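Enquirer: Got a predicted structure plus its sequence, pasted below:
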Amino acid sequence: IPAILWAEEHDERVVISTNTIALQEQLIYKDIPLAIKTLGLETKYVLAKGMSNYACLRRLDGVTQQRSLFADGSEDELFKIHDWARTSAEGTRTSLPFLPTSAAWEQVCVQSELCDGPKCAFFNQCFFFRAKLEAQNAKIIVVNHHLLFADLALRIEANNFSQSALLPLYKRLIIDEAHHIEDIATEYFASKVSRLELMKIISFLGLEFTERFPGRLGLLRQKLIFELKNTRQDILHFFEELSSQRKSTQFLTDELFDSIGTFCTLIGPSEQKLRLLEHHLTHPYWINTLLVRSEALCAQLINFSMTLLQLENTLVECKSDTLDEQTKTLRLEIKALGVRLSLAAEKIRNFFKGPSSKEIVFWIQHEMRATGPEIQLVSAQPDVSELLRKNLFDKMATTVLCSATLATNKSFSFARRRLGLHDHATTDEKIHPSPFDYKKQSLIGVPIDMPFPDSTEFSTSCIKAIKELVIASQGNAFVLFTSYDALKTVFETLLAPLQE
């Protein structure tokens, strides 16, 4: 309510950032409309989303052109998204009548490196820029923490704190669930590279047509043959070279990350996160295997990227308007994928150089997934206090941080220190006690006869205990689960008995 009143009285924009979708929806669909109606105002408010949440009309237009190349693709997921976009009002992933796979959505969503902005033929109809214009005209903008930091990252990179970035310019900020922002800032500004990320890029650059979503190089080659009957042989030769390089890149990626998995097993087989320390960097396997294979992969990634650039330069030299018109979107995507290959090489090289400063922490994240082992190389600055103070809090006229768990032992000193506010002279703080009477309204009970969670009897015993507690509390119980399967099992088992 104070934010709405301030925005109206001072004609000034207020951004409200939350961590969860549930709270965003509560604010947008319930709390803010109720507050505005109660105050008798007509304050404009919007929910802002990141670029990748929107379908790109230009990329979808490319899907239409692919119909002529793939006669059996009319029922494909991509074409369903294309048909939906023709009548969609907002063009967001969540407004689709079906849940698209990540692989399909990545083919058609808005991506910053592929966006031409006002130069795009679809700019006036663009879902993302229409939403951005709505945000520009709103007094209250609700975002999530990830979008807040995506916007901040762009501002830091361009040294732009006076104009729009992903979000319109704002100077008044409310951060709800503020206990999350240190972790999100650390994660957002970390350097990461994984096998999965590289394999996705390699897949997108495929030349085969056997995949569900044909690779970009395969589509480009097919377009050149289909649209331009007199395609130069030197251009087609590039695709033979790129096919060979793609296979080499895939082999070297698997070789390196398999070796990293072996290293993790040698050092600490039970560790999902292995922090790199000085003695790791002198281990024989690190020196004789990982350093050699990492450099081989980096050289191949750069070589692959340079060949993609040479192909693009050759196509530019053709000076064909027809060629440019028919292949513009594909070539933009291929160019962006080439840049991502180069960036991945840079991240891998920096990682294997090892920590050069105590302010940066390096670690290997190793976990098993249904698709096999997934390994990620991460380097991050664990103390983001100065970054937050300099680039966020000092740039705002007002920042309000609120959370049910921001204070520690009835003090904000820990949060102040971690967020860079320990010496901020103009910071006010207030703890509002919970109205819940814990002594009268709660009871802690610890069953001492439960089997261990890995026991076959645990589920049966758990269900029995929950039933007894729900009956004892006359239904005044809130049961939490660590898995959806457990919740479903208990619900199905106890529904009928508890209704009786």
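Expert: Okay, I see it. Remember, it's a predicted structure, so these values are computed and weren't measured experimentally. Residues are numbered from 1 along each chain as shown.

Enquirer: which regions of the stretch 101-250 of the chain sit below the pLDDT cut-off?
Expert: 208-214, 227-231 (pLDDT under 70).

Enquirer: which residues in the stretch 401-500 of the chain form helices?
Expert: Assigned by DSSP state H, counting those that start in this stretch, the helices in the stretch 401-500 of the chain fall at 413-419, 438-441, 458-472, 484-499.

Enquirer: Show me the one of the ones you listed that comes nearest residue 145.
Expert: Closest of these to residue 145 is helix 413-419, at 13.1 Å (criterion: CB to CB). Every residue, glycine included, has its C-beta placed from N, CA and C.

Enquirer: neighbours around the residue lying closest to residue 109 once chain neighbours are set aside, how many?
Expert: Excluding its sequence neighbours, the residue lying closest to residue 109 (CB to CB, 6 or more residues apart in numbering) is residue 52, at 4.8 Å. Neighbour count of residue 52, defined by other CB atoms under 10 Å: 15.

Enquirer: so residue 52 makes contact with residue 107?
Expert: No: if you go by CB atoms under 8 Å, residue 52 and residue 107 don't touch, sitting 11.8 Å apart.

Enquirer: quick one, what contacts residue 110?
Expert: By CB atoms under 8 Å, 6 or more residues apart in numbering, the contact list for residue 110 reads 51, 52, 54, 55, 56, 126, 127, 128.

Enquirer: Which pLDDT value belongs to the fourth one?
Expert: Which is residue 55. For residue 55, the model assigns a pLDDT of 96.

Enquirer: just to revisit the earlier point, out of the helices of the stretch 401-500 of the chain, deepest packed?
Expert: Compared across these, helix 413-419 shows the largest average neighbour count, a mean of 17 (mean count of other CB atoms under 10 Å).

Enquirer: ok now it, how far from the chain's centre?
Expert: 26 Å (CA atoms, centre = their mean, to the nearest Å).

Enquirer: now could you export just the CA positions of it as CSV?
Expert: Provided in CSV are the C-alpha atoms of helix 413-419 (Å, rounded to 0.1, in the frame of the first residue of the first chain):
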residue,chain,number,x,y,z
SER,A,413,24.1,-7.5,11.7
PHE,A,414,24.8,-10.7,9.8
ALA,A,415,22.6,-9.8,6.9
ARG,A,416,24.0,-6.2,6.9
ARG,A,417,27.5,-7.6,6.6
ARG,A,418,26.7,-10.1,3.9
LEU,A,419,24.8,-7.6,1.8
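
Enquirer: packing partners for it?
Expert: When contacts are defined as 3 or more CB pairs under 8 Å, 6 or more residues apart in numbering; DSSP states H and E, helix 413-419 packs onto helix 181-188, helix 385-391.

Enquirer: Quick check, central residue of this protein?
Expert: In the chain, the residue lying closest to the centroid (CA atoms, centre = their mean) is residue 146, at 7.6 Å.

Enquirer: How about residues contacting the host helix or strand of that one?
Expert: Using DSSP states H and E, residue 146 falls within helix 145-158. Residues from elsewhere that reach helix 145-158 (CB under 8 Å, 6+ apart): 15, 17-19, 48-50, 143, 160-161, 165-167, 175, 177, 180-181, 184-185, 188-189, 391-392.

Enquirer: about what we covered before: if I look at the residue nearest to the centre of the chain, how far off is residue 298?
Expert: For residue 146, the distance to residue 298 equals 29 Å [CB to CB, to the nearest Å].

Enquirer: quick revisit: out of the contacts of residue 110, what pair is the most spread apart?
Expert: 52 and 126 (13.9 Å).

Enquirer: and residue 221, helix, strand or coil?
Expert: Under DSSP: H, G, I helix; E, B strand; the rest coil, the three-state class of residue 221 is helix.

Enquirer: actually residue 143, not the one I wrote
Expert: At residue 143 the chain is in strand, as set by three-state DSSP.

Enquirer: quick one, strands of the stretch 301-450 of the chain?
Expert: For the stretch 301-450 of the chain, applying DSSP state E, counting those that start in this stretch gives strands covering 361-369, 372-380, 398-402.

Enquirer: got any ranges where the stretch 401-500 of the chain has weak pLDDT?
Expert: Counting by pLDDT under 70, the low-confidence segments of the stretch 401-500 of the chain come to 425.

Enquirer: All the helices of the stretch 201-350 of the chain, in order from the start?
Expert: 216-227, 233-267, 278-281, 284-285, 291-317, 321-353.

Enquirer: Deepest-packed of those helices, please.
Expert: Counting by mean count of other CB under 10 Å, the most buried of these turns out to be helix 216-227, with a mean of 20.

Enquirer: Please put the alpha-carbon coordinates of the helix holding residue 146 into PDB.
Expert: What follows is helix 145-158, C-alpha atoms only, in PDB (Å, rounded to 0.1, in the frame of the first residue of the first chain):
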ATOM      1  CA  HIS A 145      15.000 -12.000  -8.200                       C
ATOM      2  CA  HIS A 146      16.600 -13.600 -11.300                       C
ATOM      3  CA  LEU A 147      15.200 -10.900 -13.600                       C
ATOM      4  CA  LEU A 148      16.300  -8.200 -11.100                       C
ATOM      5  CA  PHE A 149      19.900  -9.500 -11.300                       C
ATOM      6  CA  ALA A 150      19.800 -10.100 -15.000                       C
ATOM      7  CA  ASP A 151      18.800  -6.400 -15.400                       C
ATOM      8  CA  LEU A 152      21.600  -5.400 -12.900                       C
ATOM      9  CA  ALA A 153      24.200  -7.500 -14.800                       C
ATOM     10  CA  LEU A 154      23.400  -5.600 -18.000                       C
ATOM     11  CA  ARG A 155      23.600  -2.300 -16.200                       C
ATOM     12  CA  ILE A 156      27.000  -3.200 -14.700                       C
ATOM     13  CA  GLU A 157      28.300  -4.400 -18.100                       C
ATOM     14  CA  ALA A 158      27.200  -1.200 -19.900                       C
END
